[in-house]
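[1] next input, structure requested:
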Amino acid sequence: MFRSLPPALDWFTADDSVLNVALVFPLQGPAGIFGPTCELCAQLATEEINRAGGVLGKELRLLPVDGGAPPRDIADHVEALVDLGVVQGVTGWHISSVRQALAPRIAHRVPYVYTALYEGGEHTAGVFLTSETPRDQLRPAVGLLTNERGARRWFVVGNDYVWPRRTARAAGGYAREFGGEVCGQAYLPLGTHDFDGVLRRIERSDADAVLMLLVGSDAVRFNRAFAAAGLDERCLRLSTLMDESMLMASGPSTTSDLYSTAGFFASLANQDTLDFHGQYAGRYGIEAPALGSLGESCYEGVLLLAALIARAGTLEVSAIGAAADTVSYEGPRGLLHLRGSHVRQRIYLARADGVDFDVVAELDLHGSTP
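    Just a heads-up that it's a prediction; the model follows:
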């Protein structure tokens, strides 16, 4: 059986032999569906680092912070931890609204590794990013699905905050580049349950493809409603945020012609992925939450944070930033390098096969020709 991280703040003491890191991940809200995997993957990386001697000779410890709370509350909480000297770094998966609230408050004081796929354009000093952006993730997927499946009329359904809206703006340009168009858009509050109005708009739009920019359980409910309305028979779906836990929660009858694009899928048949499966199962057993790209990103985040600090030889943010472009690390996504504060990685396109993903292509990051 797996064991959760210690939640109590008094577990953390002033100790020069320990490096405490705030792990900000969702414990509530739509993204809470993959929060358990985020926690376990981050802890797995921490234990691996500590077995190898820790970071700068210090033991690495994680302090869980609920990244599903309101963004301002999260920023207040983490800033207080930094003020008190309780944490010396921050990482984790949380939505872009949280990152935007948090980065200006702490990134110049402690290194901050953000692991969620996001809309691009983050250049705050002290922020380092492990995951996908639309240019490398969405653009080649739109090109491939246009060329191979004839997807030309895209309807965008997203939650109403910065990541879906800015990604949709980029998607419009990609669709036009490959001879298509965005024929409709709808933005819904986090926690939406009723999709009837959006489904009617999709049906009237004559869309042949839907770009889903919905978080966690919102995407699960949309998948169910979409299939119940019979729209899965006329429109393919593409999501840049759809992992195995969301697929399983949606159910096998709701995932027909559903595609996802990411830098990691649990079904990838390469040695890095197989090794990671072995480590995860060996540590947590068969009852642990299923692996997926969103939880796995927190493993990447801990590895990158440790590599940044080790390379700089200090916790000083300016020194870490100065050395960042020389940093590399190896994990489930292979040997990765940091360039311009972003990790460069391979991106894949997968198609749902019931409640699993079949990886159908490694995407050309230079893009397909129209």
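[2] where does the stretch 201-350 of the chain have low pLDDT?
    For the stretch 201-350 of the chain, no stretch is flagged by pLDDT under 70.
[3] what segments of it are helices?
    217-228, 244-250, 271-284, 293-312, 317-323 (DSSP state H, counting those that start in this stretch).
[4] let me have those helices in TSV, extended by mean neighbour count.
    (C-beta placed from N, C-alpha, C; glycine too.) Output for the helices of the stretch 201-350 of the chain, formatted as TSV (neighbours: other CB atoms under 10 Å):
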stretch	mean neighbour count
helix 217-228	22
helix 244-250	23
helix 271-284	15
helix 293-312	27
helix 317-323	17
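[5] nearest to L363, out of these?
    helix 293-312 (14.1 Å; CB to CB).
[6] thinking again about what came up before, distance to D257 added to the helices of the stretch 201-350 of the chain, as TSV?
    Formatted as TSV, these follow (distance: least, CB to CB, whole Å):
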stretch	distance to D257
helix 217-228	10
helix 244-250	13
helix 271-284	25
helix 293-312	20
helix 317-323	44
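[7] which of the ones you listed sits closest to G263?
    Of all the helices of the stretch 201-350 of the chain, helix 293-312 comes closest under CB to CB, at 6.8 Å.
[8] just the CA trace of that closest one, in PDB.
    Provided in PDB are the C-alpha atoms of helix 293-312 (Å, rounded to 0.1, in the frame of the first residue of the first chain):
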ATOM      1  CA  SER A 293       1.200  12.300 -18.000                       C
ATOM      2  CA  LEU A 294      -0.100  14.900 -15.500                       C
ATOM      3  CA  GLY A 295       0.900  13.100 -12.400                       C
ATOM      4  CA  GLU A 296       4.200  12.000 -14.000                       C
ATOM      5  CA  SER A 297       5.000  15.700 -14.600                       C
ATOM      6  CA  CYS A 298       5.500  16.100 -10.900                       C
ATOM      7  CA  TYR A 299       8.300  13.400 -11.000                       C
ATOM      8  CA  GLU A 300       9.900  15.600 -13.700                       C
ATOM      9  CA  GLY A 301       9.500  18.700 -11.600                       C
ATOM     10  CA  VAL A 302      11.300  17.200  -8.600                       C
ATOM     11  CA  LEU A 303      14.100  15.900 -10.800                       C
ATOM     12  CA  LEU A 304      14.600  19.300 -12.600                       C
ATOM     13  CA  LEU A 305      14.500  21.300  -9.300                       C
ATOM     14  CA  ALA A 306      17.200  19.000  -7.900                       C
ATOM     15  CA  ALA A 307      19.300  19.200 -11.100                       C
ATOM     16  CA  LEU A 308      19.000  23.100 -11.100                       C
ATOM     17  CA  ILE A 309      20.200  23.400  -7.500                       C
ATOM     18  CA  ALA A 310      22.900  20.900  -7.900                       C
ATOM     19  CA  ARG A 311      24.300  22.500 -11.100                       C
ATOM     20  CA  ALA A 312      24.300  26.000  -9.500                       C
END
